[in-house]
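[1] sequence unknown, structure follows:
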Ligand code: HSE
């Protein structure tokens, strides 16, 4: 049988890795796919020194690939929402299958892209969009298909995790670690996507749709970054037996779906709390399987290429299958998606770590306890530190039981209004993940 012809758009970190893996493992990949795979064209603005493309035709115009009648599958690895969106729609319009690593594109425009792909009977595959080399989309969409998923929680941004790990282990400064992640090729073109949780929210949006059978709703995801985290909180959390991770959490409740990315205290003895550096991990809790944990490299040249090429193999295998019998994009059949709403953050429930800077007067702790108890907030643990020399204040660290976010917001306002409380109360959510 003739090889399947593919076009790679974008020859950066992931594009270069994809070309190299396809070339190096060509024989094994063909044995798995049932046909050879030939890179018939590449669109790139500049060569990638880590990638010897030999005699493969190269164009500077991505639309040459989308319009090339020889090409069966377009691999979109240019990133971003604009050109990538046009490229993918053009490829679909031309009846080509698409493989993409673009989480922003899928999270924001996925519903429209999938509808167009169904109309044209083509596949859009996006395993590499979430958690790089970890096949977590396949695991949830296919491997856990028997389950009613209750919740999932993931460390799904390698750059953020690298920064938090270096801050905790080596006491390094935030900006310095971010620079290193950029040099290593992990960070997004706009690094605020990493540190403000936008990249993680893109990925979480995709995971939640696949887990719960809901349309993609990135605009409803709650996002809080790690830029405000201080070494003091990292250390207090440690003293209480927790690690702070930048977690994406999606949880099904009776009233709706929680969809939130924020710094989170996790008990230090959980496996996921020990996922360090640029590594990613996603924990999925289903009613039949219980909790499962998927761990691996969440970014990088070949780990991400591993997922791109796996998608390509799936596409090649499915090219002869009836479109109705293919795995649905969002795991559930398109006419069976649910309208269970995404909850606003103040309707989400969590436990909380609170750090209060208080004056060293009698009765302050009693006032704090009263404010919390009046709002039905149960304290799980409390730790009062020694007076700090530089400001004469006493840091009070509390961990609460689970409570509605709206209650904690009210309580924090009341705490901050106390004469004996100075500055803002630091609030970080806590998840036990058990
Ligand atoms: N900037 C992303 C990260 C790359 O750091 O995880 C992979 O999506």
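    Structure's in. What do you need? Given the structure is predicted, the values throughout are model-derived calculations rather than measurements.

[2] ok, residues contacting stretch 316-327?
    With contacts defined as CB atoms under 8 Å, 6 or more residues apart in numbering, stretch 316-327 is touched by 4, 33-35, 37, 72-73, 97, 118, 121, 123, 141-142, 314. From N, CA and C alone the C-beta is placed, and that goes for glycine too.

[3] Select from those residues the one having the most neighbours.
    Tallying neighbours with other CB atoms under 10 Å puts residue 97 at the head of the contacts of stretch 316-327, with 27 neighbours.

[4] Provide a list of residues in contact with that one.
    Residue 97 touches 72-74, 122-125, 315, 319, counting by CB under 8 Å, 6+ apart.

[5] I'd like to know how far whatever residue of the stretch 1-150 of the chain ends up closest to the ligand sits from residue 406.
    As assessed by CB to the nearest ligand atom, the ligand sits closest to residue 132 within the stretch 1-150 of the chain, at 5.5 Å. Residue 132 sits 36 Å away from residue 406, going by CB to CB, to the nearest Å.

[6] Pick out whichever of these two has more residues nearby.
    Neighbours per residue, other CB under 10 Å: of residue 132 and residue 406, the larger number sits with residue 132, 30 against 15.

[7] Quick check: that one vs residue 191, distance?
    Counting by CB to CB - residue 132 and residue 191 are separated by 17 Å.

[8] Tell me the pLDDT of the residue nearest to residue 171 when sequence neighbours are not counted.
    Distances taken as CB to CB, 6 or more residues apart in numbering place residue 231 nearest to residue 171, at 6.4 Å, with adjacent residues excluded. Predicted confidence (pLDDT) for residue 231: 84.

[9] and the helix or strand in which residue 264 is found, what does it pack onto?
    For residue 264, the host element (DSSP states H and E) is strand 257-267. Judged by 3 or more CB pairs under 8 Å, 6 or more residues apart in numbering; DSSP states H and E, strand 257-267 is in contact with helix 198-212, strand 222-223, strand 242-252, strand 426-430.

[10] Tell me how many other residues crowd the residue of the stretch 301-434 of the chain found nearest the ligand.
    Residue of the stretch 301-434 of the chain nearest the ligand, by CB to the nearest ligand atom: residue 304 (6.9 Å). Residue 304: 26 surrounding residues under other CB under 10 Å.

[11] Provide a list of residues in contact with it.
    Shown in contact with residue 304 (CB under 8 Å, 6+ apart): 13-14, 17, 101, 128, 132-133.

[12] Residue 106 too?
    So residue 106 contacts 100, 113, 126, 129, 202, 206, 216 (CB under 8 Å, 6+ apart).

[13] Over to residue 150?
    Going by CB under 8 Å, 6+ apart, residue 150 touches 251-252, 285-287.

[14] For it, which three-state class applies?
    Using DSSP: H, G, I helix; E, B strand; the rest coil, the structure places residue 150 in strand.

[15] swap in residue 356?
    Following three-state DSSP, residue 356 is assigned to strand.

[16] Pretty sure it sits against residue 393.
    No: contact criterion CB atoms under 8 Å: residue 356 and residue 393 do not qualify, at 9.3 Å.

[17] More neighbours: these two, which one.
    Under the neighbour definition other CB under 10 Å, residue 356 and residue 393 were set side by side, and residue 356 has more, 26 against 18.

[18] neighbours of the nearest residue to the more buried one once chain neighbours are set aside, just the number please.
    Distances taken as CB to CB, 6+ apart place residue 396 nearest to residue 356, at 4.4 Å, with adjacent residues excluded. If you count neighbours by other CB under 10 Å, residue 396 ends up with 20.

[19] How about the contacts made by residue 396?
    Shown in contact with residue 396 (CB under 8 Å, 6+ apart): 354-358, 364-365, 368, 382-385.

[20] Export these as JSON lines, with columns for distance to the ligand.
    Listed next are those as JSON lines, based on distance: CB to the nearest ligand atom, whole Å:
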{"residue": "354", "distance to the ligand": "29"}
{"residue": "355", "distance to the ligand": "28"}
{"residue": "356", "distance to the ligand": "33"}
{"residue": "357", "distance to the ligand": "33"}
{"residue": "358", "distance to the ligand": "37"}
{"residue": "364", "distance to the ligand": "41"}
{"residue": "365", "distance to the ligand": "41"}
{"residue": "368", "distance to the ligand": "38"}
{"residue": "382", "distance to the ligand": "35"}
{"residue": "383", "distance to the ligand": "33"}
{"residue": "384", "distance to the ligand": "37"}
{"residue": "385", "distance to the ligand": "34"}
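
[21] Could I get those residues in a markdown table, plus columns for pLDDT?
    Rendered in a markdown table, the data for the contacts of residue 396 read as follows (pLDDT from 0 to 100):
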| residue | pLDDT |
| --- | --- |
| 354 | 98 |
| 355 | 97 |
| 356 | 97 |
| 357 | 96 |
| 358 | 96 |
| 364 | 93 |
| 365 | 93 |
| 368 | 96 |
| 382 | 93 |
| 383 | 90 |
| 384 | 88 |
| 385 | 83 |
